[in-house]
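Peer 1: Build me a model from this:
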Amino acid sequence: MTNTTKTKPTSDHGAPTDNLRHVIFIAAAAAMGGFLFGYDSAVINGAVEALRDRFAIGSGTLAQVVASALIGGVIGAAAAGRLADRIGRVPTMRIAAALFTASAVGSALPFGLWDLVAWRVIGGVGIGMASVIGPAYIAEISPSAHRGRLASFQQAGIVIGIAVSQLINWGVLSAANGEQRGEIAGYEAWQWMLGIMAIPSALYGILTVMIPESPHYLISAGRRDNAKRVLLRVEGPAADPDARIAEIEQSVSSERKPVFKDLLGGRFGLLPIVWIGIGLAAFQQLCGINVIMYYASSLWQSVGIDPSSSFFYSFTTSITNLIGTAIAMAAVDRIGRKPLALIGSVGMAVSLGLVAWAFSYRSGPGGKVTIPDAQGTTALIAAHSFVLFFALSWGVVLWVLLGEMFPNRIRAAALGLAATAVWASNWLITVSFPSLADWSLSGAYVIYAVCAALSIPFVLMWVRETKGRSLEAMNS
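Peer 2: Down below sits the predicted model:
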């Protein structure tokens, strides 16, 4: 008798297509936190000069306003791991979405500088929480064959958020006749820029209602039947959910909720794997990527490029970021995490060195700063090359590794500490750049180039490849 049983179509890795589509939707929903991080990071770039004028503040205070969300990010990242282990990954995302939404509305309608800063800190708390929970949740919900690609959704969300905010800034400025303080329906352009973030923030909250809880959390909470239903939906019956549940149960059976002291051990206070995570987090930021994101327009104007062209180059940078991220998403499960990180480190170090060389030719007083054509072209090409190499490597690889590299018993807590290091390093770079640029713009980029170069031996010596390994295998 002929077998007429129909089988479900499969992907190139053997996973049923409908299950994979469902997992892609789940990962994309979780990565909305990354989108909001990227949007917030870049949208402030379009409001910088308006804030300086509206509140009559100098460069130092302005830098603190720009960086205020990062303070919240540190707080949110530090708290997210324990909160997620107490109430679950998805409820933590919902709290983050509520903070995002409140921050967007409050930042758009401030009474003064003090509450603008306060609202940005609140939004930063939400971003910090999402930066921890997104990668951990995606890693826990994804089949191992697709985990690297799905985990890269976090960085994809960030760069798409950056690009979308640039387009929205352009649209708002066009409606306000090119004036950041120009009025639209009774509100200034910069208020619209900040307030529009309430829309994707609310969407993030809605999407969290449509995604399941992590099976790892459900099993740790004793909800085995719920975990089985989730695994059947995301991996399919061919994956043997009972075996997967037994594997997860074995890894968590003797565990308790992680606390900070669980991260302690070794000669330098923390467990070696935790130090490696912190090191990865710091290197990602110390290469100076967010100088490009936060100060792009001001940076290009500081070397003599006119304002309209500086906006154009900011936008092309975000497009380059998108292209690099797409390359990383296609390559991370084929090439592996460690090789991509090394390729990126070499490319970033060379690119940053060229930027530093080009900026050393900057000359002229005040508003009449110029740079020779050859060096200006080199700076533009090298800056875009730097963004490309970052996006196709560290931009994605960091979040993939942080979601995979820690043992189950400390994953949420360790990822929270590493994400805190991301935010702390981001804050340090953001607030220090104006002073470094006043001292020597070229010198600032030499520092970033050195940090990129130092990441090469760090990756070679300390980072383990996680490609193709189950999360439970990270316990060994």
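Peer 1: S131 touches A419, doesn't it?
Peer 2: Yes - the pair S131 / A419 is scored as a contact, 5.0 Å apart, by CB atoms under 8 Å. For glycine as for every other residue, the C-beta is placed from the backbone atoms N, C-alpha and C.
Peer 1: Give me the more crowded residue out of the two.
Peer 2: Neighbours were counted for S131 and for A419 using other CB atoms under 10 Å; A419 has more, 32 against 29.
Peer 1: secondary structure element for that one?
Peer 2: Counting by DSSP states H and E, the element that carries A419 is helix 411-462.
Peer 1: could you say what helices and strands that helix packs with?
Peer 2: Counting contacts by 3 or more CB pairs under 8 Å, 6 or more residues apart in numbering; DSSP states H and E, helix 411-462 packs against helix 59-87, helix 113-141, helix 272-286, helix 289-302, helix 337-359, helix 394-404.
Peer 1: worst-scoring helix or strand of this protein, pLDDT-wise?
Peer 2: Here the helix or strand of the chain ranked lowest by mean pLDDT, DSSP states H and E is helix 289-302, holding a mean of 67.
Peer 1: what comes into contact with the following helix or strand past that one?
Peer 2: Beyond helix 289-302 in the direction of the C-terminus, DSSP H and E gives the next helix or strand as helix 307-331. If you take CB atoms under 8 Å, 6 or more residues apart in numbering as the criterion, helix 307-331 is touched by 42, 45, 149, 152-153, 155-156, 159-160, 162-163, 166-167, 170, 292, 296-301, 305, 340, 380, 383-384, 387-393, 395-397.
Peer 1: Mind listing the shared neighbours of S131 and A419?
Peer 2: Common neighbours of S131 and A419 (CB under 8 Å, 6+ apart) are A77, A80.
Peer 1: Y187 is in contact with A108, isn't it?
Peer 2: Yes - contact criterion CB under 8 Å: Y187 and A108 qualify, at 7.4 Å.
Peer 1: Now do the shared contacts for those two.
Peer 2: With CB under 8 Å, 6+ apart as the test, Y187 and A108 both reach G195.
Peer 1: List the buried residues in stretch 424-438.
Peer 2: A424, S425, N426, W427, I429, T430, V431, F433, P434, L436, A437 (16 or more other CB atoms under 10 Å).
Peer 1: Farthest pair within the residues you listed?
Peer 2: A424 and A437 (20.8 Å; CB to CB).
Peer 1: Among the contacts of helix 307-331, name the buried ones.
Peer 2: Taking 16+ other CB under 10 Å as the criterion, what is buried in those is 42, 45, 149, 152-153, 155-156, 159-160, 162-163, 166, 170, 292, 296-301, 305, 340, 380, 383-384, 387-393, 395-397.
Peer 1: quick revisit: could you identify which of the helices and strands packed on helix 411-462 has the lowest mean pLDDT?
Peer 2: Across the helices and strands packed on helix 411-462, helix 289-302 has the smallest mean pLDDT, namely a mean of 67.
Peer 1: ok, L232 - contacts?
Peer 2: P241.
Peer 1: Any idea how many residues pack against W439?
Peer 2: 10.
Peer 1: who's in contact with the nearest residue to M348 once chain neighbours are set aside?
Peer 2: Closest residue to M348 apart from its sequence neighbours, by CB to CB, 6 or more residues apart in numbering: A452 at 4.1 Å. A452 is in contact with F283, C287, S345, M348, A349, L352, counting by CB under 8 Å, 6+ apart.
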